[in-house]
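Engineer: Output the structure for:
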Amino acid sequence: MKPIRHSLILLTIVLFGSGFSFGQEICNNNIDDDGDRLIDLYDVEDCPCTRVDTFKISLIPNPSFELLDSIPTSYSQMSCAEGWEQATLATSDLHSTNGFIASMVPLPIPDGNNCVSTIIKPDWMEYVGTCLNGPLLAGQSYLLKFNVAADLYFEISEMEVPPIPIDLVLFGTNNCDPFPIQTLNCPESFGWKELGRVSYTMKHVWSNVHLFFTPQEDIHSVMLGGGCDFASLYEPLEGGMPYISWDNLQLNRADDEIIYYVPNTFTPNGDEHNNVFNPIFVCGYDPLEYRFDVYDRWGEIVFTSLDSKTGWDGSYHGLPAKEGVFGWKLEYKAENTTEKKVITGHANLLR
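Structural biologist: Sure thing, here's the model as predicted:
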């Protein structure tokens, strides 16, 4: 088992007072310039914008861990990522293809060169945690979507990753106290409340996961990892500790606007998981005004759907398409409007 490392936590004291002046908010630098604890487009008074624009920026800072203060060289170096520290005394790991990366992390990493991994084990619960760019408001619904993969971390023997479902849980608190939380276990005893959870079947490939939740109070910090009830699931793993890798933590509002996401990777390999590629709509669109096209690298359409519930299975002319990058175009219309939207992007087909 990896050793516990006691990192030196530097507490930055920010002085608020008449003698200390902040600058004007700059709306595209991911910095709280005016000192009101709101960043860029989430500072709605200083950076007014439309709801659609706001949705494009995650409330979680540095969501793919691409901004680094230094390159990680071993386990337990979460603080190398700009804006991040260890969430609890059980030390999470930052991985980078430009530095240290454990063999338990599947490649390629979905969004960039870096990701984070955490162990879930009774009495050693590692979490990914951060203070948010802006608060989650009580009674407002939110969508958290992220990439996740799993392996098993062993003290003695080894086994392949079993397809066992585990709950990935989001916790929150109404303040932004410095990390780490002084525990090796679930953070609930320190005032953190469960905001929502999603069941994830462990597998050693990257998957797309989304979690909807509505906080009952304003939330300023979040923590993502295993549930407090995980101990009941530990025995079937034969001593292996789930080693969960996280990337691209996109957290946004999920109100009455159009909310959707399009996966960036899918794996049509017949394992009953992530076999179909299509946009996932939550609400606010007209199902009669929908079209989804997938293109190959030469611009030829390999799949078209007029039904949001029908996606591409990775075949073309009845044969499996080759692995690679495919372009896509999504056309849809919002409810109660006549305006059509056209969105384009790319996705990886892996087998």
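Engineer: where exactly do the strands run in the stretch 51-200 of the chain?
Structural biologist: For the stretch 51-200 of the chain, the strands defined by DSSP state E, counting those that start in this stretch cover 93-96, 114-121, 124-125, 128-136, 142-153, 165-173, 193-201.
Engineer: Any regions of the chain where pLDDT drops low?
Structural biologist: In the predicted model of the chain, residues 1-33, 35-56, 154-162, 231-239, 254-260, 272-273, 282-284, 334-338 satisfy pLDDT under 70.
Engineer: how about a cut-off of 50?
Structural biologist: 1, 3-21, 28, 30, 41-42, 44, 48-56, 156-157, 256-257 (pLDDT under 50).
Engineer: quick one: secondary structure of the residue most central in space within it?
Structural biologist: Closest residue to the average C-alpha location of the chain: Leu249 at 2.3 Å, with C-alpha atoms, centre = their mean. What DSSP: H, G, I helix; E, B strand; the rest coil gives for Leu249 is strand.
Engineer: hang on, the earlier thing: quick one, which of the strands of the stretch 51-200 of the chain gets closest to Asp218.
Structural biologist: Across the strands of the stretch 51-200 of the chain, Asp218 has its closest neighbour in strand 128-136 (4.9 Å, C-beta to C-beta). C-beta coordinates here come from the backbone N, C-alpha and C atoms, glycine included.
Engineer: So which elements touch that closest one?
Structural biologist: Judged by 3 or more C-beta pairs under 8 Å, 6 or more residues apart in numbering; DSSP states H and E, the packing partners of strand 128-136 are strand 219-226, strand 241-253.
Engineer: Let me know which of these is the nearest to Pro279.
Structural biologist: strand 241-253 (14.7 Å).
Engineer: Kindly calculate the angle that the closest one makes with strand 193-201.
Structural biologist: 120 degrees (axes from the mean of the first three to the mean of the last three C-alpha atoms, to 10 degrees).
Engineer: mind listing what's buried in strand 241-253?
Structural biologist: If you call a residue buried by 16 or more other C-beta atoms under 10 Å, then strand 241-253 has these buried ones: 241-253.
Engineer: Just give me the closest of these to Leu144.
Structural biologist: The closest of these, once distances to Leu144 are taken by C-beta to C-beta, is Leu251, at 4.8 Å.
Engineer: Contacts only, for the residue lying closest to that closest one once chain neighbours are set aside.
Structural biologist: Spatially, and ignoring its direct neighbours in sequence, Leu251 is nearest to Leu59 (4.4 Å; C-beta to C-beta, 6 or more residues apart in numbering). For Leu59, the contact set (C-beta atoms under 8 Å, 6 or more residues apart in numbering) comprises Tyr42, Leu132, Asn133, Gly134, Leu136, Tyr142, Leu251, Asn252.
Engineer: Produce a ChimeraX select command limited to the buried residues of those residues.
Structural biologist: Restricted to buried positions by 16+ other C-beta under 10 Å, the ChimeraX selection for those reads:
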select :42,132,133,134,136,142,251,252
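Engineer: Pipe the contacts of Leu59 into a markdown table and attach distance to Asp313 per row.
Structural biologist: Output for the contacts of Leu59, formatted as a markdown table (distance: C-beta to C-beta, whole Å):
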| residue | distance to Asp313 |
| --- | --- |
| Tyr42 | 39 |
| Leu132 | 38 |
| Asn133 | 38 |
| Gly134 | 39 |
| Leu136 | 37 |
| Tyr142 | 31 |
| Leu251 | 30 |
| Asn252 | 29 |
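Engineer: quick one, what contacts Thr173?
Structural biologist: Residues in contact with Thr173 (C-beta under 8 Å, 6+ apart) are Gly191, Trp192, Lys193, Ile219, His220, Ser221.
Engineer: OK, contacts around the fourth one?
Structural biologist: Residues counted as contacts of Ile219 (C-beta under 8 Å, 6+ apart) are Leu132, Pro135, Leu136, Gly172, Thr173, Asn174, Leu195.
Engineer: and the two most separated of these?
Structural biologist: Longest distance between any two of those is 12.9 Å, between Pro135 and Leu195; criterion C-beta to C-beta.
Engineer: So for the two, which residue has more residues nearby?
Structural biologist: Under the neighbour definition other C-beta atoms under 10 Å, Pro135 and Leu195 were set side by side, and Leu195 has more, 22 against 19.
Engineer: Settle this for me: the more buried one is touching Asn174, isn't it.
Structural biologist: No: applying C-beta atoms under 8 Å, one finds Leu195 not in contact with Asn174, separated by 11.4 Å.
Engineer: Can you tell me the SS state at Phe292?
Structural biologist: strand.
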